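Engineer: starting from these lines, generate the structure:
(one chain, ligands or ions: 1)
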Amino acid sequence: MVIGQPDPCGLLGPRGGAPIVGLTAYTAPMAARIDRHVDFILVGDSVAMVLYGMETTRTIDIDTMIRHGRAVAQAAANTLVVIDMPFGTYEHNRDVALSNARRMLSETGCDAVKMEGGDSLAGTVEAAVADGIPVMGHVGLMPQRARSVAQMRSRGHSDTTRRRILKDARAIARAGAFAIVVEGVVESVARDITQASTVPIIGIGASVACDGQILVTEDMTGMFDAFTPRFVKRYAEVGKIVEEAVMAYASDVRNRRFPGPEHTFAKRGKKAAG
Ligand code: KIV
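Structural biologist: Residues are numbered from 1 along each chain as shown. Model prediction:
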């Protein structure tokens, strides 16, 4: 079984080289920091949970996504930028999906959209690609279908779900997606999809078998620690560093150690005559 055609948009380069590196960004400063170090940036709808404290990704609206997409695309001059289509903007009506996708790309400057869905979304993906809209797919665990964090569990443990996920990936690749995110699936499923696929498979919680990896930047840097999925490796503890800085600042202010003379404007003296 061969999934899809070779990378139709050429957006993530030829396969067979080093694994593809992706990270999320929601803001210009973060995009500027990661721009030169990754192969693509995702303006993920995980912004709902990470920046806005929402329980799931289902409640973020298209205007908010567009504001974040614009900020990221402006700051990331070197990297492919993909933006998530938010829940409710593409699943039910193909024309609405295409019009929202066009709007998201034209108003943000992002390069591609990402849509969650399998077999039943393939027609929409095909129509979008035919309309010149580059689409990244997303199968396996699809967070937009979860009504709570508890429902965000790994997939592909039974033969039925394994077949379902493989079918979804095949349908989305055949529809013309240039890459597919596979989230939260057991390793053997990720390996089967990747081996059968001619478009890059980007894993998150899907093992080293994939063609590339993506993580939420705030997860891997320790900035977001409300909960940390098992598949996240923490590369830093930025949240703790921020808290320590805040405590030091508060203590300095309360003890009149800040601001010091070096942070204070002294009145300019008159120029000496002659
Ligand atoms: O919204 C997001 O950040 C995502 C990634 C986790 C793949 O979809």
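
Engineer: who's in contact with Ala206?
Structural biologist: With contact taken as C-beta atoms under 8 Å, 6 or more residues apart in numbering, Ala206 is in contact with 140, 182-185, 187, 189-190, 231. Bear in mind the C-beta positions are built from the backbone N, C-alpha and C, glycine included.

Engineer: swap the cut-off to 7 Å and go again
Structural biologist: Counting by C-beta atoms under 7 Å, 6 or more residues apart in numbering, Ala206 makes contact with 140, 182-185, 190.

Engineer: quick one: buried residues of stretch 178-187?
Structural biologist: 178-186 (16 or more other C-beta atoms under 10 Å).

Engineer: out of those, which touch the ligand?
Structural biologist: 181, 183 (C-beta under 6 Å from any ligand atom).

Engineer: among the buried residues of stretch 178-187, which two are most distant?
Structural biologist: With distances taken as C-beta to C-beta, the most widely separated pair in the buried residues of stretch 178-187 is Phe178 and Val186, at 25.1 Å.

Engineer: residues near Thr59, how many?
Structural biologist: 15 (other C-beta atoms under 10 Å).

Engineer: what helix or strand does it sit in?
Structural biologist: Here Thr59 sits in a region with no helix or strand, counting by DSSP states H and E.

Engineer: could you check how far it is from Val242?
Structural biologist: 26 Å (C-beta to C-beta, to the nearest Å).

Engineer: before we move on, what about Val199?
Structural biologist: 38 Å.

Engineer: ok, now Glu107?
Structural biologist: Glu107 is 32 Å from Val242, by C-beta to C-beta.

Engineer: ok, the two, which is more surrounded?
Structural biologist: Glu107 (16 against 12).

Engineer: ok, now which ones touch the more buried one?
Structural biologist: 66, 70.

Engineer: pretty sure Pro86 is touching Thr64, no?
Structural biologist: No - the pair Pro86 / Thr64 is not scored as a contact, 8.1 Å apart, by C-beta atoms under 7 Å.

Engineer: and the helix or strand harbouring Ile202, what's its mean pLDDT?
Structural biologist: Ile202 is part of strand 201-204 when elements are defined by DSSP H and E. Averaged across strand 201-204, pLDDT comes to 98.

Engineer: elements contacting the helix or strand following it?
Structural biologist: Reading on from strand 201-204 to the C-terminus, the next helix or strand found by DSSP H and E is strand 212-215. Packed against strand 212-215 by the contact rule (3 or more C-beta pairs under 7 Å, 6 or more residues apart in numbering; DSSP states H and E) you find strand 20-24, strand 201-204.

Engineer: the first one pairs with which strands?
Structural biologist: Paired with strand 20-24 in the same sheet, following DSSP bridges, are strand 40-43 (parallel), strand 212-215 (parallel).
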